[in-house]
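**Student:** Make a model of this:
(one chain, ligands or ions: 1)
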Amino acid sequence: MTPERRTQETPQDKTDAFQEERSRLNQTFQEIDNQLSQIGPAYYGHDFVEQLLEEKRQEMRQRLTLLSTEPYFGRLDFQESGKQQAPVPLYIGKRGMDRKDTSDPYIIDWRAPVASLFYSFTGGEETVSYDAPEGTIQGEVHRKRNLSIREKELQRVVESYVRGGDNMGLSDEFLLYRLGEKKDNRLRDIVSTIQAEQDKIIRAPRHLALIIQGAAGSGKTTVALHRLAYLLYQYQGQVRAERMIIFAPNTMFLDYISGVLPELGVGSVKQTTFADWALELLGQEIHLAEASSEGARWFSLGGERPPIDDSTPGRFKGSLRYKDWLDAKLREFEAAYLPHQDMEAWEGCVLPFRLIREWFEVEYRHYPLAMRRERLLGRMNRWLEMQLKERIHDAKIRKDRAKTGKHRLKAYAKKLPEADALSFYKTLFDRPDPSLPETLAAQTKALLRKGAVMPEDLPALMWVRQYMHGPSGSFDHVVLDEAQDVSPFQIALLGAMMTEPSFTILGDLAQGIHAYRGVRRWEELAEVFPEDRRSYHELRQSYRSTFEIIEFANRILPFTDTSLPPAQPVFRSGEPVKLIEVQTPDERILAIVSFITENRRRGMNTIAVIGRTDEACAKLAQELRRAGTEVHLIAEGQSQYRGGVSVVPVFLAKGLEFDAVLAADVDPVHYSQDPQDAKLLYVACTRALHKLTLLYQGSPSPLVSAT
Ligand SMILES: Nc1ncnc2c1ncn2[C@@H]1O[C@H](COP(=O)(O)OP(=O)(O)OP(=O)(O)O)[C@@H](O)[C@H]1O
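**Tutor:** Take a look at the predicted model:
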């Protein structure tokens, strides 16, 4: 059918639409109130069945209460092919609700199959389809409306699409309205404006390793969190929140994203850093060396930074080559595990080595090493008891033999090394090994002597632990955010804990500022998974920043040596990016203070002054406080992000965003023409939503002078 043309939406149309939606909203509130009143009062008694029913009722109360302030955000009028009925308006919300009398859906959960049309429909399709449990359903979209409801009030109705209307594409008006809002100190959900390319990732099948290269601000973190909510809904009973895990770069970032899952109704998903997770499992006796502070090691200024190559500790110890080396060592260890000797319990009572070996190598082969050791010793003990019972009938002699036998068994057990990850790992560095870079081996040995390790040793230690004790649990789904900083070994370790890969791996190589431990190409991570179990996607559209900021940052991109395409801005225009020269240190502080004051006055909620190193930031924060401006200094190891005005070293700003950003000291010393510095400056610039200013003294950095 060819859509007939229709005149453009008039002010009267807008008023009519608003009235229509207000009336439907009032009906919705009535329905919710009715349902709430029918649930009945809470039960506090001791009857077990009633208690279970009360749990369900409480769940329903909570859902309805949540719906009672902002019941839905979108409407899609859909006409199913082959059905006579008129288009049905579907209202889509963060939670679903059925009509009490007929059980028909009244509000549709955004994760339901039919709701996918709300996101995937681009405005140009004649017919659309979605996958329902009963098969593919086809039909036509007649209308799409975005609705903004706050605190029970309908605030805005945006007619994004009307079949036969003048504007046949979808209107971006609602998205732009949302993107233009000021942010607070938490990342938010985006259910009302998920874009088609993002929706595809959110709804991708579960048993895949999804690898996503996404431009800065393309919504990677947000999309990953929405994907978890989707998987829990779609695979109810198969996927549990307690068996999902999110790995993120630091605890402050975890704090920043911590609001999204509860907003989406998802609880109990473990959110952690790889180091915290590994250290918790490895136990008390392993701790990180003080020298593991990254700021001092890797983010000092250009000339002072150690060079990065394949023997750089993080890259070497994160590689699959290191894993293979470790595997070979573990095999050697296992092969030499049993002492080649019989166990003589007492004179003439011999348990032959042949039998010990058979138990250990054949019967218990499928158990992890620690369990094999335990089983073997248990079996030897039972053998001893049997011998005593069958062979010795005199009680006194039996007591005597038992003592000898136990003593000898104990001596035998001592020859079987304890399956302990740290002890084993230490032995690997006892003697020089030609497969290991010399300095790296020497440094590791020195640290291990003090019982300390570097973060890059953690995958190896976990691998050894897993080999010896078996996997410590399993995951239904793993999210790895900022995955350009993750090593192939880490991924292999997590993969080995699952029967089938189910990963969302997201990152941006252009922000790969941890090149000393991360990957340079996504293929390095992809190799861990079989070809038919991985899928690669790119997100190019960037939603965070204005057109001007993205255009500016795109010009730094070629210096990063990543050959990534430029990010595509959503057309949200703002002020031009400013490059300001100051003459003296005092002028520098004055300029920063005035940036903060001015942007506060203009209603910017979150403002960041981004410095190049942690030392420089500490100093700057002091100077600003002395000048009467209160700021939060963000430092390594900090676990909370407080919003407001922050002074933050660029390497800790990654993942965060601020309404207004001032990048300080953008000169050739702090940002030289080098890929690592280019990535740092790219990160700094792409943190800004609405306003970006760069400050320099002397001459500007070569990374921006040509821009
Ligand atoms: N579809 C969308 N609708 C509204 N806002 C969106 C959408 N997608 C992303 N955003 C917003 O864009 C910003 C960037 O999102 P997010 O932090 O998830 O991106 P990212 O790709 O992880 O960024 P980076 O790699 O730069 O840290 C957030 O404010 C997010 O709310």
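**Student:** Tally up the residues packed near residue 434, please.
**Tutor:** Residue neighbour count, defined by other Cβ atoms under 10 Å, stands at 6 for residue 434. C-beta: built from backbone N, CA, C; applies to glycine.
**Student:** so how far is the ligand from residue 181?
**Tutor:** Shown here: residue 181 relative to the ligand, a distance of 9 Å by Cβ to the nearest ligand atom, to the nearest Å.
**Student:** Could you do residue 553 as well?
**Tutor:** The value you get for residue 553 to the ligand, if Cβ to the nearest ligand atom is used, is 10 Å.
**Student:** can you start the count at 2 instead of 1 from here on
**Tutor:** Got it, first residue is 2 now, which makes that one residue 554.
**Student:** For the helix or strand harbouring that residue, could you pull out the residues that count as buried?
**Tutor:** Using DSSP states H and E, residue 554 falls within helix 548-555. Neighbour-count burial for helix 548-555 flags 549-555 (criterion: 16 or more other Cβ atoms under 10 Å).
**Student:** would you list those in CSV and tack on pLDDT?
**Tutor:** Listed next are those as CSV, based on pLDDT from 0 to 100:
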residue, pLDDT
549, 96
550, 97
551, 97
552, 96
553, 97
554, 97
555, 96
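**Student:** just those now: which is nearest the ligand?
**Tutor:** For the ligand, the nearest member of the buried residues of helix 548-555 is residue 554. The distance, counting by Cβ to the nearest ligand atom, is 10.0 Å.
**Student:** how about the strand or helix carrying residue 398: buried residues?
**Tutor:** Assignment of secondary structure by DSSP H and E places residue 398 within helix 396-416. Residues of helix 396-416 classed as buried by neighbour count (16+ other Cβ under 10 Å): 402-403, 406, 409-410, 413.
**Student:** helices or strands up against the helix or strand just after it?
**Tutor:** Downstream of helix 396-416, the first helix or strand assigned by DSSP H and E is helix 422-429. Applying 3 or more Cβ pairs under 8 Å, 6 or more residues apart in numbering; DSSP states H and E, we find helix 422-429 packed against helix 321-336, helix 439-450, helix 459-470.
**Student:** In contact with the residue nearest the centre of the chain: list those residues for me.
**Tutor:** Of all residues in the chain, the one closest to the mean position by Cα atoms, centre = their mean is residue 482, 3.5 Å from it. Residue 482 is in contact with 221-222, 225, 247-250, 254, 507-508, 656, counting by Cβ atoms under 8 Å, 6 or more residues apart in numbering.
**Student:** Doesn't residue 139 lie inside a strand?
**Tutor:** Yes - under DSSP: H, G, I helix; E, B strand; the rest coil, residue 139 sits within a strand.
**Student:** State the distance from it to the ligand.
**Tutor:** 26 Å.
**Student:** so which of the helices and strands packed on helix 422-429 gets nearest residue 275?
**Tutor:** Counting by Cβ to Cβ, residue 275 lies closest to helix 459-470 out of the helices and strands packed on helix 422-429; the figure is 6.8 Å.
**Student:** next SSE after the closest one?
**Tutor:** Helices and strands here follow DSSP H and E; after helix 459-470, the next one along the chain is strand 478-481.
**Student:** Give me the helices and strands touching the following helix or strand past that following strand, please.
**Tutor:** Next helix or strand after strand 478-481 toward the C-terminus (DSSP H and E): helix 489-496. Contact analysis of helix 489-496 by 3+ Cβ pairs under 8 Å, 6+ apart lists helix 321-336, helix 459-470, strand 478-481, strand 504-508, helix 524-527 as its packing neighbours.
**Student:** ok, the nearest residue to residue 557 once chain neighbours are set aside - contacts?
**Tutor:** Using Cβ to Cβ, 6 or more residues apart in numbering and skipping the chain neighbours, the partner closest in space to residue 557 is residue 683 (4.8 Å). Each residue near residue 683 by Cβ under 8 Å, 6+ apart is listed here: 217, 511-512, 554, 557-558, 561.
**Student:** picking up where we left off before, could you dump the buried residues of helix 396-416 to JSON lines with distance to the ligand?
**Tutor:** Listed next are the buried residues of helix 396-416 as JSON lines, based on distance: Cβ to the nearest ligand atom, whole Å:
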{"residue": "402", "distance to the ligand": "70"}
{"residue": "403", "distance to the ligand": "66"}
{"residue": "406", "distance to the ligand": "64"}
{"residue": "409", "distance to the ligand": "62"}
{"residue": "410", "distance to the ligand": "58"}
{"residue": "413", "distance to the ligand": "56"}
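**Student:** Turn those into CSV, including pLDDT.
**Tutor:** Formatted as CSV, the buried residues of helix 396-416 follow (pLDDT from 0 to 100):
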residue, pLDDT
402, 93
403, 93
406, 94
409, 94
410, 95
413, 94
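**Student:** hang on, residue 663 in a strand?
**Tutor:** Yes - under three-state DSSP, residue 663 sits within a strand.
**Student:** if we can go back for a sec, ok, so of the buried residues of helix 396-416, who is nearest residue 290?
**Tutor:** Once Cβ to Cβ is applied, the member of the buried residues of helix 396-416 that ends up nearest residue 290 is residue 413, at 37.1 Å.
**Student:** does that closest one really touch residue 384, like I thought?
**Tutor:** No - applying Cβ atoms under 8 Å, one finds residue 413 not in contact with residue 384, separated by 11.6 Å.
**Student:** Among the contacts of residue 683, which are located in helices?
**Tutor:** Residues of these located in helices (DSSP state H): residue 554.
**Student:** Now, of the contacts of residue 683, which are buried?
**Tutor:** 217, 511-512, 554, 557-558, 561.
**Student:** re the thing from before, and the contacts of the helix holding residue 554?
**Tutor:** 217-218, 543, 546, 567-578, 683, 686-687, 689, 693, 708.
**Student:** rerun at 7 Å
**Tutor:** 217, 543, 567-568, 570, 572-578, 683, 686-687, 689, 693, 708 (Cβ atoms under 7 Å, 6 or more residues apart in numbering).
**Student:** and it, how far from the chain's centre?
**Tutor:** 26 Å (Cα atoms, centre = their mean, to the nearest Å).
**Student:** which neighbours does the helix or strand that it is followed by have in its sheet, and in what orientation?
**Tutor:** Downstream of helix 548-555, the first helix or strand assigned by DSSP H and E is strand 569-570. Here strand 569-570 has these sheet partners by DSSP bridges: strand 542-543 (parallel).
**Student:** Spell out whether the strand it pairs with and the ligand are in contact.
**Tutor:** No - against the ligand, strand 542-543 shows no contacts by Cβ under 6 Å from any ligand atom, the least distance being 7.7 Å.
**Student:** domain parsing for the protein?
**Tutor:** According to the TED database, the chain comprises the domains 12-182, 200-301+473-543, 339-417, 561-706.
**Student:** Average pLDDT for the second one, rounded please.
**Tutor:** Think domain 200-301+473-543. If you average the pLDDT over domain 200-301+473-543, you get 89.
**Student:** Do you have the helices of the stretch 2-151 of the chain handy? List them.
**Tutor:** Counting by DSSP state H, counting those that start in this stretch, the stretch 2-151 of the chain has helices at residues 12-40, 49-68, 117-121.
**Student:** Residue 627: which of those helices is closest?
**Tutor:** Nearest to residue 627, of the helices of the stretch 2-151 of the chain and by Cβ to Cβ, is helix 49-68 at 46.7 Å.
**Student:** Now find how far off-centre the closest one is within its chain.
**Tutor:** On Cα atoms, centre = their mean, the centre of helix 49-68 falls 31 Å from that of its chain.
**Student:** Show me which residues of the stretch 602-708 of the chain are close to the ligand?
**Tutor:** So the stretch 602-708 of the chain meets the ligand at 656, 658, 687 (Cβ under 6 Å from any ligand atom).
**Student:** which of those has the weakest pLDDT?
**Tutor:** Ranking those by pLDDT, residue 656 lands last with 90.
**Student:** looking at this, it is in a strand?
**Tutor:** No - using three-state DSSP, the assignment for residue 656 is coil, not a strand.
**Student:** about what we covered before: format the helices of the stretch 2-151 of the chain as a markdown table; extra columns: distance to residue 318.
**Tutor:** As requested, the helices of the stretch 2-151 of the chain are exported to a markdown table (distance: least, Cβ to Cβ, whole Å):
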| stretch | distance to residue 318 |
| --- | --- |
| helix 12-40 | 56 |
| helix 49-68 | 46 |
| helix 117-121 | 41 |
